[in-house]
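Q: Coordinates for the following, if possible.
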Amino acid sequence: MQYDLSINKDLISLQSQLLYFKEKQSIVEFKEVKQTRSNLQNRALHLFFAFICQELNNLGITFNYTGIKWMPTETRYTELLVKETIWRPIQMTLFNIESTKDIGSNEINEIAEVIIKHFADKGIELSFPSQFNKYLETLKQYEH
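A: Purely as a prediction, here's the structure:
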């Protein structure tokens, strides 16, 4: 269980848990959990997966699944496919970190740059979501 000690309610819950463990004479282990990135950047990361997915699907590029030897399958890209087949292999190669929850802002920026450059070389324009991009998208909606 995680407790945010800047929140009084969490602090009280933790104190209660400690008393419970003390009564049981338990051995407990504490570890500080460091936030690797902001919630905003985490949302932007998943929005980036959606952007890639949408762009590939709009261009008619499909994902070829060959996991079943006798039945290769073609499917549209999903955010999960983008994360698992595009993002994660680059993340593993660059940083040897398997889970996206364990990467920080700097790693996200580096991985995004690799992906953006790769697609740019193929004529597909992508950008990592930002507040400025969100503002531009809002303006585009009002142009129509």
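Q: what residue ranges in this structure score low on pLDDT?
A: Counting by pLDDT under 70, the chain has low-confidence residues at 35, 131-144.
Q: Check the gap between the residue lying farthest from the centre of it and Q17 for me.
A: Relative to the centre of the chain, the most outlying C-alpha is that of E23, 40.4 Å out, by Cα atoms, centre = their mean. In this view, E23 and Q17 are 11 Å apart by Cβ to Cβ, to the nearest Å. To be clear about C-beta, it is placed using only N, CA and C from the backbone, and glycine gets the same treatment.
Q: Likewise for K122?
A: Following Cβ to Cβ, the distance that separates K122 from Q17 is 53 Å.
Q: Which one's more surrounded, those two?
A: The neighbour count for K122 versus Q17, taken as other Cβ atoms under 10 Å, is higher for Q17 (13 against 8).
Q: Who are the contact partners of that one?
A: M1 (Cβ atoms under 8 Å, 6 or more residues apart in numbering).
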